[in-house]
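Student: Sharing a model prediction with you, sequence too.
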Amino acid sequence: MVALGEAPEAAAISPLSTGGAIIMSSYSASKETTNEELNKIFKFLFLLSVGNVLLNVLLSWIGVFRLGGLF
């Protein structure tokens, strides 16, 4: 149950989500950026969100989210 709730939160910083789009637009609005720099940020945010989801899957698989046997 908890793991199902964690995956969307872990992906919230993906540039494909609203949160990630806000991060990228705020960064580009605060200073002059090139397309290469924005592409680098896009890749970083995307890989960070994928890694975060995979970490949550691993933690769920080893039983971290069992909450003392409540579920």
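Tutor: That came in fine, so what should we check first?
Student: SS state for the spatially most central residue of the chain?
Tutor: Central residue of the chain (CA atoms, centre = their mean): residue 49, 2.8 Å from the mean position. Three-state call for residue 49 (DSSP: H, G, I helix; E, B strand; the rest coil): helix.
Student: what does residue 16 give?
Tutor: Here residue 16 is coil, with the state taken from three-state DSSP.
Student: can you count the residues close to it?
Tutor: Applying other CB atoms under 10 Å, we find 12 residues neighbouring residue 16. C-betas here are computed from N, CA, C, even on glycine.
Student: cool, residue 10 as well?
Tutor: By other CB under 10 Å, the residues close to residue 10 number 19.
Student: go on, residue 15?
Tutor: When neighbours are counted by other CB under 10 Å, residue 15 registers 19.
Student: close enough to count as contact, it and residue 21?
Tutor: Yes: with contacts counted by CB atoms under 8 Å, residue 15 reaches residue 21, the gap being 6.3 Å.
Student: Skipping its backbone neighbours, what lies nearest the residue nearest to the centre of the chain in space?
Tutor: residue 14 (3.8 Å; CB to CB, 6 or more residues apart in numbering).
Student: which residues touch the one you found?
Tutor: Counting by CB atoms under 8 Å, 6 or more residues apart in numbering, residue 14 touches 20, 45-46, 49-50.
Student: name the element the closest residue in space to residue 55 that isn't next to it in sequence belongs to?
Tutor: Counting by CB to CB, 6+ apart, the nearest residue to residue 55 once its immediate chain neighbours are dropped is residue 10, at 7.5 Å. Secondary structure assignment for residue 10, by DSSP states H and E: helix 2-10.
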